[in-house]
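Undergrad: predicted model and sequence below, questions to follow.
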Amino acid sequence: MTDAQETAADDAVQDVTGTSTAPSANGAAPLGAAVQAPVPLLEPREGIPPVVASPEALAEVVAAFAAGRGPVAVDAERASGYRYGQRAYLVQLRREGAGTALVDPVAFTDLADLGTAIADAEWVLHAATQDLPCLHEIGMSPKRLFDTELAGRLAGFARVGLGAMVESVLGYGLEKGHSAVDWSTRPLPEPWLRYAALDVELLVDLRDALEEELERQGKLEWAHQEFAALAAAPPPAPRKDPWRRTSGMHKVRRRRQLGVVRELWQTRDRIAQRRDVSPGKVLSDAAIVEAALNLPANARALAALTGFGQRMGRRQLDQWQAAVDRARALPEAELPQQGAPLNGPPPPRSWAEKDPAAAARLAAARAAVTARAEELGLPQENLITPDTVRRLCWEPPKTVTQETVAAFLAEHGARAWQVEQVTPLLSEALGG
């Protein structure tokens, strides 16, 4: 960063900590009144740190962050679209007194020692649900956290991506051109490392400004409850029948075709896992659906379909055709059912026919929740999850009172602030 850029950046920090241009929720005064062009953030303030990839370097980072002060900004980069799974390929941290660290988790069995060193600090993440699973895998789990994306939602910001939040709250412009690159690349190019370091450069500053705004709006305690729930949540359970999420599945109508999708998806997944590549690089979803719709009788017929043939060798064609043949040979009883097994109420579009009273309850509940969310200046899904509302309206308590509705909401994971805000509305919508 040049001297002129440093001066401009320092001036911007002084200006933006109290004079952001962020639109305020529910019509209140914004974080700041002055509208200024964002200052491009071009270099980390201490420069780009070296990638930590040796036990000695990691030990130094562990000691430095254990001795640091205040919250710890944490981020992780994955290789979605390139590698199998959601493994972390770079972990970025920043803490007052320790500076910024870029750690290569692939070089170590785990980063449990680093996780322990900062275990008692508050971790600041952006969109924590995206990074927590891959951090858990390498032995890093926060006891306390602050999610700047979730804070932005609760505060009523229309755009809650990191770049948009840093710009509107702090007045800086982040370069986001490397967000979707292959982070499994080694060595990582310097521009990527600069981008990674800048992602944690201002996270704590953003946290502090958002905390002030949430306090001003009377929502800080709500945020604390949300953050505590995130920190305490176990890793997500494996998805049931993940093959049903194949893009284009709406075209597949018959059970035999569903069987082909399942066989091809599972074959692709095994190959992708063995090769450590993204499943989409092995075979596209569109090709899977095309084979299911056409039920090719042999590899030659399969090669004529979109997504197969041309650069695909005979051996590859044979393995995909074998998957199709397995599905074609399955007894009817072993074929998957149309539609995923329901774990809860049916889709709302069918309620009017199946249970008109439940449909009326849901319409009233949705209207009430939407209106209250608008009053509070936050997304309705953050006020209460739509799934919880559907479950309540489909099968309400036998006796509808505010007490029974509140108990239902709490049982389904609603936080205390959510229960307080929506219980009277939902009780009335249910006729209680």
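TA: That came through fine. Computed from a predicted model, the values in this text were never measured in an experiment.

Undergrad: quick one, what contacts the closest residue to Asp387 other than its chain neighbours?
TA: Using CB to CB, 6 or more residues apart in numbering and skipping residues adjacent in sequence, the residue nearest Asp387 is Gly344, 6.9 Å away. In this view, the C-beta of every residue, glycine as well, is placed from N, C-alpha and C. Counting by CB atoms under 8 Å, 6 or more residues apart in numbering, Gly344 makes contact with Asp387, Arg390, Arg391, Trp394.

Undergrad: now swap in Gln421 and tell me
TA: Going by CB under 8 Å, 6+ apart, the list of residues near Gln421 reads Arg372, Leu376, Leu383, Ile384.

Undergrad: could I get these as CSV with distance to Ala37 and pLDDT?
TA: Converted to CSV, the contacts of Gln421 look like this (distance: CB to CB, whole Å; pLDDT from 0 to 100):
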residue, distance to Ala37, pLDDT
Arg372, 37, 98
Leu376, 31, 98
Leu383, 34, 98
Ile384, 39, 98
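
Undergrad: which of those residues sit farthest apart?
TA: With CB to CB as the measure, no two of these lie farther apart than Leu376 and Ile384, at 11.3 Å.

Undergrad: among these two, which residue is more densely surrounded?
TA: When Leu376 and Ile384 are compared for neighbours, Ile384 comes out ahead with 25 against 20, by other CB atoms under 10 Å.

Undergrad: what helix or strand is Gln421 on?
TA: helix 416-429 (DSSP states H and E).

Undergrad: and that helix, what's buried?
TA: Trp417, Gln418, Val419, Gln421, Val422, Thr423, Leu425, Leu426, Ser427, Ala429 (16 or more other CB atoms under 10 Å).

Undergrad: from the residues you listed, which is closest to Gln319?
TA: For those, the nearest to Gln319 is Gln418 (49.3 Å; CB to CB).

Undergrad: tell me the pLDDT at Met309?
TA: Check again: residue 309 is Gly, not Met. In this model, Gly309 is scored at 77, pLDDT.

Undergrad: can you redo the buried residues of helix 416-429 as a markdown table with distance to Gly177 and pLDDT?
TA: Formatted as a markdown table, those follow (distance: CB to CB, whole Å; pLDDT from 0 to 100):
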| residue | distance to Gly177 | pLDDT |
| --- | --- | --- |
| Trp417 | 38 | 98 |
| Gln418 | 38 | 98 |
| Val419 | 43 | 98 |
| Gln421 | 40 | 98 |
| Val422 | 41 | 98 |
| Thr423 | 46 | 98 |
| Leu425 | 44 | 97 |
| Leu426 | 45 | 98 |
| Ser427 | 50 | 97 |
| Ala429 | 47 | 97 |
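
Undergrad: looking at the residues you listed, spot the one nearest Arg270.
TA: Closest to Arg270, out of all of the buried residues of helix 416-429 and judged by CB to CB, is Gln418, at 41.4 Å.

Undergrad: ok, which pair from the buried residues of helix 416-429 is furthest apart?
TA: Top of the distance list for these (CB to CB): Trp417 and Ala429, 19.3 Å.

Undergrad: assign the residue nearest the centre of the chain to helix, strand or coil.
TA: The centroid of the chain falls nearest to Gln130 when counting by CA atoms, centre = their mean (3.6 Å). Under DSSP: H, G, I helix; E, B strand; the rest coil, Gln130 falls in the helix class.

Undergrad: roughly how far does it sit from Ala112?
TA: 21 Å (CB to CB, to the nearest Å).

Undergrad: per-domain residue ranges of the chain.
TA: According to automatic domain parsing, the chain comprises the domains 3-232, 242-334, 348-429.

Undergrad: low pLDDT regions in the stretch 1-150 of the chain?
TA: Applying pLDDT under 70 to the stretch 1-150 of the chain flags the ranges 1-35.

Undergrad: now the strands for it?
TA: Along the stretch 1-150 of the chain, counting by DSSP state E, counting those that start in this stretch, strands occupy 39-40, 51-52, 69-77, 90-96, 99-103, 122-125, 144-147.
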